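Q: Please find the sequence and the predicted model below.
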Amino acid sequence: MKHNKLHLNKSTGHKIPDGYFDKVEEALWDQTKLSSQIDVHGFDVPTNYFDTFDAKVLRKLSIEKASTPKTLPFWTWKTSLYITGIAASILVLLGIFINSKNNIDFNDLETVSIENYLSEEDFSVQDLVVLNSEDYVLFEGFDDSEIPDSTIENYLLEHSSLDDLEFISEP
C-alpha cells in the first residue's frame with residue numbers, strides 16, 4: 001500500500017452516478033417483467049445423459065484407482081534425528097540414575113578432607129574428647145593401638161614448626 005501511496009488517499013474511491021437511486025426501482029421492475037416473459041430457461045440436458053452418467057463416473061474412478069497414490073516414506077532423516085535424540089536422552093537419564101551412589105560411608109572420605117574439616121572448624125580439645133567417650137565411639141581400636149615413641153617424634157618433627165614444639169615437654 002505504501003508503494004502505491006494509497007495510505008495518503010483520503011477518499012473511498014467509490015462513486016455513485018447521479019440519479020442512481022431514482023432509477024433502481026424502475027430497473028428492478030423491468031427485470032421482473034423480462035423474466036416473466038421468458039418461457040425457455042436456456043439450459044437443456046442432452047438426451048440419455050443420466051443413462052450414461054453412472055458408466056462415466058465409474059470409468060473415471062477406475063482410472064484414479066489405477067494411478068498410484070502419493071506415498072510418504074516412513075524412514076526420513078527427520079525421523080532418524082528424532083529417534084537418535086530420544087535414545088541419547090534416555091541414555092543420559094539412565095547414566096545419571098544408575099551410576100548415582102547414594103550410600104556414602106566413612107571409608108569413602110579421604111583423610112585429607114577430614115583433616116581439613118577439623119582444622120577449619122573451631123573445635124576445642126574438649127569437643128574431640130567427647131568423640132572418644134564410651135557412648136560415642138567413632139574410631140574403634142584407636143586407644144588399643146600402640147605407636148612407638150620414635151614414630152610420633154618423627155611425625156612431629158616433619159609436620160610441625162619450632163613454635164609448635166615449644167609447648168611439648170618431656171614426661
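A: Yep, that arrived.

Q: Show me the shaky parts of this structure.
A: Along the chain, segments meeting pLDDT under 70 span 1-4, 6-7, 9, 64-69, 99-109, 128-145, 162-171.

Q: Which residue ranges of it form helices?
A: For the chain, the helices defined by DSSP state H cover 20-37, 49-66, 77-98, 111-120, 125-131, 149-159, 162-165.

Q: Tell me which of the ones you listed lies nearest to His14.
A: Between His14 and these, the tightest spacing by C-beta to C-beta is seen for helix 20-37, at 11.8 Å. The C-beta positions use only the backbone N, C-alpha and C, and glycine is treated the same way.

Q: Which elements pack onto that closest one?
A: Helix 20-37 is packed against no helix or strand, with contacts defined by 3 or more C-beta pairs under 8 Å, 6 or more residues apart in numbering; DSSP states H and E.

Q: and Phe123, how many neighbours does it have?
A: Per other C-beta atoms under 10 Å, the neighbour tally for Phe123 reads 13.

Q: can you check Gly85 too?
A: By other C-beta under 10 Å, neighbour count at Gly85 equals 10.

Q: How much space separates it from Leu93?
A: Look at Gly85 and Leu93: by C-beta to C-beta, to the nearest Å, they are 13 Å apart.

Q: Same check on Thr79?
A: Here Thr79 is placed at a distance of 21 Å from Leu93 (C-beta to C-beta).

Q: Check Thr151 too.
A: The gap separating Thr151 from Leu93 is 51 Å, by C-beta to C-beta.

Q: Next: Phe123.
A: As judged by C-beta to C-beta, Phe123 and Leu93 stand 42 Å apart.

Q: go on, Ile38?
A: Per C-beta to C-beta, Ile38 is found 80 Å from Leu93.

Q: What of Thr71?
A: Thr71 sits 36 Å away from Leu93, taking C-beta to C-beta as the criterion.

Q: Comparing the two, which shows the higher neighbour count?
A: Leu93 (10 against 6).

Q: Please report the distance of that one from Ile86.
A: 11 Å.

Q: And Thr76, by the same measure?
A: For Thr76, the distance to Ile86 equals 15 Å [C-beta to C-beta].

Q: what do you get for Asp127?
A: From Asp127 to Ile86 the distance is 54 Å (C-beta to C-beta).

Q: What's the local residue count around Asn48?
A: Asn48 has 8 neighbours, counted by other C-beta under 10 Å.

Q: An error on my part: the question was meant for Asp39.
A: As a burial measure, Asp39 scores 5 neighbours (other C-beta under 10 Å).

Q: Over to the one 5 residues further on?
A: Residues lying near Asp44 (other C-beta under 10 Å) number 8.
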